[in-house]
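>>> Using only what follows, build the 3D model:
(2 chains)
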Amino acid sequence: MSEPEARCAATVRVVLPAHLKNLARVQGEVALRVGSERDAITRQAVLDALESAYPVLRGTIRDHVTGRRRAFVRFYACEQDLSNEPPDVPLPTAVIAGTEPFLIVGAMAGG
Amino acid sequence: MTRVRVLAGTRKGAFVLTSDGNRAKWHVSGPHFGGWEIYHMKGSPADPDRIYASQNTGWFGQLVQRSDDGGATWQAVGNEFSYATEPGTHLWYDGTPRPWEFKRVWHLEPSPADPDLAYAGVEDAALFKTSDGGASWTELTGLRTHESGPGWQPGAGGMCLHTIILDPVHAGRMFTAISAAGTFRSDDDGQTWRPVNRGLHSEGTLPEDEPEVGFCVHHVEMHPARPDTLYMQKHWDVMRSDDAGETWREVSGDLPTDFGFPIGVHAHEPDTIYVVPITSDSLHYPPDGKLRVYRSRCGGNEWEPLTRGLPQENCYVNVYRDAMAIDSLEKCGVYFGTTGGQVYASADAGDTWEPIVRDLPAVLSVEVQTLP
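Next comes the predicted model:
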């Protein structure tokens, strides 16, 4: 079986934190069609697709203006912390293949 | 029959408390937006079923929710609060310049005439306006870009624009208050602003005798029938202006302490006002563990404690600046919420009190709507 290409359309599984699930009125994972022959499947592409499908999430994960990750939001996949990876780096192969989800997590802080 | 709807914003969600005109039995709805801080909720005078709510967490930032059915259901509306011009800097606590940065919406003020028009006061201090029911927000830049702006400093709670008053008589006049810059007035619908702080003092902290800005105003209220009179609870001092903010004089009088956060005005008696004295700026709880609202029937200076139904021992809660509200029934009701999660109501203008609820999360704001 060949590895999925970063430059092709794929369905990416996204797990939202509980507050954002409530806000987007979804349960369980969100499946997003991401990427094309021209555009790689990156964190930025996934978040663009997520915000396009659920506009209410705009501004809750990354800043409206700068696009920077909000300080207490983290990104994980395949047991790796991807939070500080550049947003235009292709996501892990397993995420692109749909065997692993892309996790958006509220950082542990406060009460 | 007339009803009242109390909107309580708390540290962990929103609650809608409703009662008939007797205000004896209450129905509690909530938490709405559980787990989120609700800094403020306010209904539109033009359409009481239209309610705006400010929803925020440190994790996921700012949202604005809107209800069109009196708080039964909600929809998130626009949450982009972008400064319209180069933000520039204000002063940080240590006196160094710090870039303006949006953090949260402290106060929402719907228009009395148009349910789709509302103003938002935000931290770092700026004023925004929506004309489409909250779908989009545009900054009225004249306030933030006032020439005194680079000298503004935050209060302990942040550099928040927490008070917005729309003058019901003088067209185009509005007031805002910023902690710890002071009070500002516009006479052109918010396009241009000037500080109106003459007579305020912050002894020991300001190098000039009469600086234009630099005052930790906690809250300002106006009675709509007497729009030139403003009442202010400052960090210390209860103040009054009878010339639309041009000059202020102290009316703390015989209060046990003049530190506090909220101030309220009776619905039918413009000279009857309410405060909740707090021990000091370092002890944010009532003196002697006794929760007392103080009422003046002569616009200040002479105050009476209102204690019936309020805890008079072992009470160490605070009452935040936007956590007092007054309904407009004939015998007007007074409401306030505490950091201990109680919302107290008086159906007789403060003579007696009862808790509507006792165990909410810390109450950040209380508003009330008088409904037909």
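>>> quick check: mean pLDDT across the longest helix along chain A?
Looking across chain A with DSSP state H, the single longest helix is helix A:43-53. Mean per-residue pLDDT for helix A:43-53: 96.
>>> Next, the buried residues of that helix.
Within helix A:43-53, the residues that qualify as buried are A:Arg43, A:Gln44, A:Ala45, A:Val46, A:Leu47, A:Asp48, A:Ala49, A:Leu50, A:Glu51, counting by 16 or more other CB atoms under 10 Å in any protein chain shown. Just so you know, the C-beta spots here come from the backbone N, C-alpha and C atoms, and that holds for glycine as well.
>>> Only the C-alpha atoms, please, for that helix, written as PDB.
Provided in PDB are the C-alpha atoms of helix A:43-53 (Å, rounded to 0.1, in the frame of the first residue of the first chain):
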ATOM      1  CA  ARG A  43      -2.500  22.500   9.800                       C
ATOM      2  CA  GLN A  44      -3.400  25.800   8.100                       C
ATOM      3  CA  ALA A  45      -5.400  23.900   5.500                       C
ATOM      4  CA  VAL A  46      -7.200  21.900   8.100                       C
ATOM      5  CA  LEU A  47      -8.100  25.000  10.200                       C
ATOM      6  CA  ASP A  48      -9.200  26.900   7.100                       C
ATOM      7  CA  ALA A  49     -11.500  24.000   6.200                       C
ATOM      8  CA  LEU A  50     -12.700  23.700   9.800                       C
ATOM      9  CA  GLU A  51     -13.600  27.400  10.000                       C
ATOM     10  CA  SER A  52     -15.200  27.300   6.600                       C
ATOM     11  CA  ALA A  53     -17.400  24.500   7.700                       C
END
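>>> Pull the distance from it to the chain's centre.
For helix A:43-53, the separation from the chain centroid amounts to 7 Å (computed by CA atoms, centre = their mean, to the nearest Å).
>>> can you tell me if that helix touches chain B.
No - using CB under 8 Å from any CB of the partner chain, helix A:43-53 stays clear of chain B, coming no nearer than 12.0 Å.
>>> Please name the spatially closest residue to residue 63 (chain neighbours excluded).
By default, I'm working from chain A. A:Arg70 (6.7 Å; CB to CB, 6 or more residues apart in numbering or on different chains).
>>> Wait, chain B was what I had in mind.
In space, B:Leu63 is closest to B:Gln55, 4.3 Å off (CB to CB, 6+ apart).
>>> same thing with A:Val89?
For A:Val89, the closest residue by CB to CB, 6+ apart turns out to be A:Thr42, at 6.1 Å.
>>> count of residues packed around the spatially closest residue to A:Val73 that is not a sequence neighbour?
The shortest distance from A:Val73 to any non-neighbouring residue, by CB to CB, 6+ apart, is to A:Ile61 (5.4 Å). Using other CB atoms under 10 Å in any protein chain shown, A:Ile61 has 20 other residues around it.
>>> Verify the stated contact: A:Ile61 with A:Pro17.
No - at 9.4 Å, A:Ile61 and A:Pro17 do not qualify as touching, with contact defined as CB atoms under 8 Å.
>>> So for the two, which residues contact both of them?
Common neighbours of A:Ile61 and A:Pro17 (criterion: CB atoms under 8 Å, 6 or more residues apart in numbering or on different chains): A:Ile104, B:Phe60.
>>> tell me which parts of chain A are close to chain B?
Going by CB under 8 Å from any CB, the residues of chain A near chain B are A:17, A:19-20, A:23, A:56, A:58-61, A:64-65, A:70-73, A:106-107, A:109-110.
>>> Would you mind measuring from the closest residue to B:Ala120 other than its chain neighbours to B:Tyr52?
Nearest residue to B:Ala120 in three dimensions, chain neighbours excluded: B:Phe128, at 4.4 Å (CB to CB, 6+ apart). Computed with CB to CB, to the nearest Å, the distance linking B:Phe128 and B:Tyr52 is 12 Å.
>>> now swap in B:Gln75 and tell me
Applying CB to CB to B:Gln75 and B:Tyr52 gives a distance of 11 Å.
>>> Quickly list what's touching both of the two.
Common neighbours of B:Gln75 and B:Tyr52 (CB under 8 Å, 6+ apart) are B:Gln65, B:Arg66.
>>> Quickly list what residue 42 is bridged to.
If you meant another chain, say so; for now it's chain A. Bridge pairing for A:Thr42 (DSSP bridges) gives the partners A:Pro90.
>>> not quite, I wanted chain B
Those that pair with B:Lys42 in a beta bridge, by DSSP bridges, are B:Tyr52.
>>> Which residue is the nearest non-sequential neighbour of residue 54?
If you meant another chain, say so; for now it's chain A. Excluding the flanking residues, the one nearest A:Tyr54 by CB to CB, 6+ apart is A:Ala24, at 4.3 Å.
>>> that's the other chain; I wanted chain B
Distances taken as CB to CB, 6+ apart place B:Val105 nearest to B:Ser54, at 4.0 Å, with adjacent residues excluded.
>>> wouldn't the one you found be in contact with B:Glu37 here?
No - with contact defined as CB under 8 Å, B:Val105 does not reach B:Glu37; the gap is 10.6 Å.
>>> show me what contacts the residue nearest to A:Tyr54?
Taking CB under 8 Å, 6+ apart, one finds A:Leu16, A:Val30, A:Tyr54, A:Val56, A:Leu57 in contact with A:Ala24.
>>> cutoff 7 Å now
Counting by CB atoms under 7 Å, 6 or more residues apart in numbering or on different chains, A:Ala24 makes contact with A:Leu16, A:Tyr54, A:Val56, A:Leu57.
>>> Now, those residues that are in helices?
Among the contacts of A:Ala24, DSSP H puts none in helices.
>>> Turn these into CSV, including neighbour count.
Output for the contacts of A:Ala24, formatted as CSV (neighbours: other CB atoms under 10 Å in any protein chain shown):
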residue, neighbour count
A:Leu16, 24
A:Tyr54, 19
A:Val56, 16
A:Leu57, 23
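>>> Now the two most distant members of the residues you listed.
Farthest pair in those (CB to CB) is A:Leu16 and A:Val56. Separation: 11.4 Å.
>>> Give the buried subset of the residues of chain A next to chain B as a ChimeraX selection command.
In ChimeraX syntax, the buried subset of those is picked out as below (16+ other CB under 10 Å):
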select /A:17,19,20,23,56,58,59,60,61,70,72,73,106
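>>> out of the residues of chain A next to chain B, which are inside strands?
If you go by DSSP state E, the residues of chain A next to chain B have A:Val73, A:Gly106 in strands.
>>> Chain A: helices as residue ranges?
Using DSSP H, helices in chain A cover A:18-24, A:43-53, A:93-97.
>>> Could I get the ones you listed in JSON lines, plus columns for distance to B:Leu310?
Below are the helices of chain A laid out as JSON lines (distance: least, CB to CB, whole Å):
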{"stretch": "helix A:18-24", "distance to B:Leu310": "35"}
{"stretch": "helix A:43-53", "distance to B:Leu310": "48"}
{"stretch": "helix A:93-97", "distance to B:Leu310": "57"}
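>>> Can you report how many residues neighbour residue 90?
Went with chain A since none was named. When neighbours are counted by other CB under 10 Å, A:Pro90 registers 17.
>>> Chain B is the one I meant
Residues lying near B:His90 (other CB under 10 Å) number 22.
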